[in-house]
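Undergrad: Got a sequence here, can you model it:
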Amino acid sequence: MKIALVIGRFLPRKGGGERYIEILATGLARKGHEVTIFARRFPPLPPVHENIHYHTIKVPGWPGFLRILLFASRCHAEIRYGSFDIVHDVGHMVGADVFNPHGGVEQIWLKRYFASYHHPAHRLSKRIQRLFSPREWAMIFLQKRQFLSETTHRIIAISPMIKTHIHSFYPGIPGHKVILVQNPTDLSRFNPENRRVFREEGRNKLGLKDNDIAILFAGNNFRLKGLYPLIQSLKILRHLNTKGQSFKLLVAGDENPAPWKRICEKVGVLNRVVFLGGVKEMARLYATSDIFALPTFYDSASLVVLEALASGLPVITSAWNGASILIDDPPTGMVLKENDNPEEIAQALYAYFPREKREDAIKLSPLSVRSLNATQHISQILDIYQEIMSEKQHG
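TA: Numbers count the residues shown, from 1 in each chain. Here you go, the predicted structure:
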């Protein structure tokens, strides 16, 4: 098959959608299919497989609303001449056979985005800013067309939460069109065996002793992913920790740490937080850590949660994370009722301070994502492609 994959920018280190396209393209290419990725930007290195090709869609970077609309229009026009069997889009054009809204429904994402600003004045200013934002209106306009287009044969929801949101905002979409296909994870790369290989070296580099508890947070939007309430929880955790166990919060993500260090200093926990910047070898970092925490305000289905579970970590995340359905509370982690409640976060973290609780997670957490391997995922996607091709052939 000739397959077109569409994404705004293909920079796998930047976010879940980009990393998903990387997994999908590689899996399809290895199966012998010819894959062309359409995007505005690509990494400097060539594709990882000879069956993968890059096609740059040239659009101005500013203003944002024009970039969004021109990308959708030009992408549709240039793909049309490629004679592709299947066009699979993760949220940036109209007219694809498969629409995979990796970020979920824009209106719900926006609501949670506002909630992530803890100060009421900031929250109000962001509401006003977005209300008069041409870019935001362009996003909502485009996504509505994507959901309701007659040329869209299938809409992939990557978690039950997203499927519910799609039906609640667009009740007119036929039920058979929206299907649940959960994100895959690379179980050969992320697994508990990494602890034996990488743990000692990683902890030595970070100055962690054997009994120190390393709490890991990873994401590229610290505020939306819930770093603020997590930092606040450390002060409470310090008081809960009556046995005086040493603990550190490791923060991985490509974001300026300066304002967050000021928050840590204000809360009085700066000595307990280590900002690592962007991390290439996440598998090593999971092996170094003891607990994974992501009290996110909104995540359609976080890939880092899947990776952490596969690596044998207990995961603390919120009900606003579509991947939370995979957590078997309490053996493999806890799902927070209120992601911005520092007391609840601290209690959840402290529940995994006992070594035996973490040892249980090492055995049980990987089982929760065992079925989400890349091989099975590619087979599911190919079945969907075959169904669509049959529908198009028979009108």
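
Undergrad: Skip ahead from the strand or helix carrying Leu250 and say which helix or strand is next.
TA: Here Leu250, judged by DSSP states H and E, is contained in strand 247-252. With elements assigned by DSSP H and E, the helix or strand that comes after strand 247-252 is helix 258-267.

Undergrad: Name the surrounding residues that touch the top helix by length along the chain.
TA: Determined from DSSP state H, the single longest helix within the chain is helix 374-393. With contact meaning Cβ atoms under 8 Å, 6 or more residues apart in numbering, helix 374-393 is reached by 1, 3, 23-24, 27-28, 31, 85-86, 88, 97-98, 153-154, 156, 179, 181-187. Glycine gets a C-beta too; all of them are placed from N, C-alpha and C.

Undergrad: ok, now with 7 Å
TA: The contact list for helix 374-393 (Cβ atoms under 7 Å, 6 or more residues apart in numbering) reads 1, 23-24, 27-28, 31, 85-86, 97-98, 153-154, 181, 184, 186.

Undergrad: Just the buried positions in it, please.
TA: Ala374, His377, Ile378, Gln380, Ile381, Leu382, Ile384, Tyr385, Ile388 (16 or more other Cβ atoms under 10 Å).

Undergrad: domains of the protein?
TA: 2-184+373-393, 193-369 (automatic domain parsing).

Undergrad: Tell me which of those sits most buried.
TA: Each of these was assessed for mean neighbour count using mean count of other Cβ atoms under 10 Å. The highest is domain 193-369, with a mean of 20.

Undergrad: I'd like the average pLDDT over it.
TA: Across domain 193-369, pLDDT averages out at 96.

Undergrad: same deal with stretch 45-53?
TA: Here the average pLDDT along stretch 45-53 is 94.

Undergrad: got the contact list for it?
TA: Ala25, Thr26, Ala29, Arg30, His33, Glu34, Val35, Thr36, Ile37, Tyr54.

Undergrad: what about 10 Å?
TA: For stretch 45-53, the external contacting residues (Cβ atoms under 10 Å, 6 or more residues apart in numbering) are 3-5, 10, 12, 22, 25-38, 54.

Undergrad: Just the ones in strands from these, please.
TA: Residues of those located in strands (DSSP state E): Ile3, Ala4, Leu5, Glu34, Val35, Thr36, Ile37, Phe38, Tyr54.

Undergrad: Provide the partner residues of the second one in its beta bridges.
TA: When you say that, I think you mean Ala4. Thr36, Val87 (DSSP bridges).

Undergrad: Next one: Leu148 from Met161, what distance?
TA: Going from Leu148 to Met161 by Cβ to Cβ, to the nearest Å gives 21 Å.

Undergrad: try Arg195
TA: 30 Å.

Undergrad: swap in Arg9?
TA: 25 Å.

Undergrad: Equivalent analysis for His55, please.
TA: Where Met161 is concerned, His55 sits at a distance of 33 Å (Cβ to Cβ).

Undergrad: repeat for Leu142
TA: 22 Å.

Undergrad: Would you agree Asp328 is in contact with Pro366?
TA: No. Contact criterion Cβ atoms under 10 Å: Asp328 and Pro366 do not qualify, at 11.9 Å.

Undergrad: Now for the two: what residues contact both?
TA: Taking Cβ under 10 Å, 6+ apart as the contact rule, Asp328 and Pro366 both touch Leu309.

Undergrad: Of the contacts of helix 374-393, which is the nearest to Glu265?
TA: Asp186 (37.5 Å; Cβ to Cβ).

Undergrad: Find the nearest non-adjacent residue to that closest one, please.
TA: Closest residue in space to Asp186, ignoring its immediate chain neighbours: Ala374 at 5.9 Å, by Cβ to Cβ, 6 or more residues apart in numbering.

Undergrad: could you dump the ones in strands among the contacts of stretch 45-53 to JSON lines with distance to Arg358?
TA: Putting the ones in strands among the contacts of stretch 45-53 into JSON lines (distance: Cβ to Cβ, whole Å) gives the following:
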{"residue": "Ile3", "distance to Arg358": "42"}
{"residue": "Ala4", "distance to Arg358": "44"}
{"residue": "Leu5", "distance to Arg358": "38"}
{"residue": "Glu34", "distance to Arg358": "45"}
{"residue": "Val35", "distance to Arg358": "40"}
{"residue": "Thr36", "distance to Arg358": "44"}
{"residue": "Ile37", "distance to Arg358": "39"}
{"residue": "Phe38", "distance to Arg358": "44"}
{"residue": "Tyr54", "distance to Arg358": "42"}
